[in-house]
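**Q** Predicted model and sequence below, questions to follow.
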Amino acid sequence: MKLSEIKEILKAEVIVGEHKLEMMIQAGAGSDLMSDLLRGPKDGVVVLSGLNTLQVIRTAVIAGVAAVVLVRGKRPEPDMIDLARFHDLPLLSTPFTMFTACGRLFRQGLRGVEQKPSK
Amino acid sequence: MRTRSLMPHLIKSFAIKARDYIRGGDVSIQIQGLLKTIGFDADLIRRTSVCAYEAEMNVVMHGGDATLTLTVDTDRIVMDVKDEGPGIENIELALQEGYSTASEEQREMGFGAGMGLPNIQKNADRLEIESERGKGTHVKISFGVKSDGG
């Protein structure tokens, strides 16, 4: 699924990474625990999080996450936006809750990291 | 005579400040960038970066000011993290998944799941911890490098 489709399904606003919307996303993960995101490869994975901190961006960069979506309409602070831009990491914000956002993506065919298609 | 495999390619030290939640994680991202520039394979870079980040955030959350020394040889990558913090009371307990001494504030930032040291143990080829109450902690994290960079 393309990141542009995720944007539509989640009625999300693109805060950083408008130029990367054609990127293919292989799987999704939802977590507010940074250590969860650090378990296993996360390349090609979109991460949904309710945490609105600099550490979400840094953890995503370390884990190799493809894009981050903030749930519940959270608005990142300017330093978070700057950091995402610096690392060229797409950052979106959706009005949906974590549960609803994950459900909407799953219904449209996006699967969790445990079902990520092999390359 | 030293063999080529023992010649260090790179030794670099980084300062980590305790309780600096604004910059916490920055050192690990620098290390990740260095390893990418050298050209190691993606899995080794991911495992090393995850260990660096978990170790760095352990210092930020629980330790004292620390120095992380990265050594890159042809056959291994080693990260030595030495702090002058309060030390780890029970290393065996700290290595158990889910055990955490994180504060409420740290949990609200997404940390404190009790996965820091277990995640390092899972991703590193070797993990050594020396700690003394009131004096500090030395964590040594090592990775073997295959001849193809992986």
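**A** Structure received.
**Q** show me what contacts the closest residue to residue B:83 other than its chain neighbours?
**A** Take residue B:83 and drop its neighbours on the chain: the residue closest to it by C-beta to C-beta, 6 or more residues apart in numbering or on different chains is residue B:66, 3.5 Å away. Every residue, glycine included, has its C-beta placed from N, CA and C. Contacts were defined as C-beta atoms under 8 Å, 6 or more residues apart in numbering or on different chains; by that measure residue B:66 touches B:15, B:16, B:18, B:59, B:81, B:82, B:83, B:84, B:85.
**Q** can you rerun that using 7 Å?
**A** The neighbours of residue B:66, taking C-beta atoms under 7 Å, 6 or more residues apart in numbering or on different chains as the test, are B:16, B:59, B:81, B:82, B:83.
**Q** Likewise for residue A:17?
**A** A:67, A:89, A:90, A:91.
**Q** Recalculate using a threshold of 8 Å.
**A** Residue A:17 neighbours (C-beta under 8 Å, 6+ apart): A:3, A:67, A:84, A:88, A:89, A:90, A:91, A:92.
**Q** For the residue nearest to the spatial centre of chain A, which residues count as its bridge partners?
**A** In chain A, the C-alpha nearest the mean C-alpha coordinate belongs to residue A:68, at 2.5 Å (C-alpha atoms, centre = their mean). Per DSSP bridges, residues listed as beta-bridge partners of residue A:68: residue A:47, residue A:91.
**Q** hang on, the earlier thing: just the pLDDT at the residue nearest to residue B:83, thanks.
**A** Note on residue B:66: pLDDT of 97.
**Q** try the one 10 residues further on
**A** Looking at residue B:76, its pLDDT reads 95.
**Q** what do you get for residue A:73?
**A** Turning to residue A:73, the model gives it a pLDDT of 96.
**Q** quick one: contacts for it?
**A** Contacts here follow C-beta under 8 Å, 6+ apart; on that basis residue A:73 touches A:93, A:94, A:95.
**Q** What count of nearby residues applies to the second one?
**A** This points to residue A:94. Neighbour count for residue A:94, taken as other C-beta atoms under 10 Å in any protein chain shown: 24.
**Q** That one and residue A:103: what is the separation?
**A** Residue A:94 sits 12 Å away from residue A:103 when distances are taken as C-beta to C-beta, to the nearest Å.
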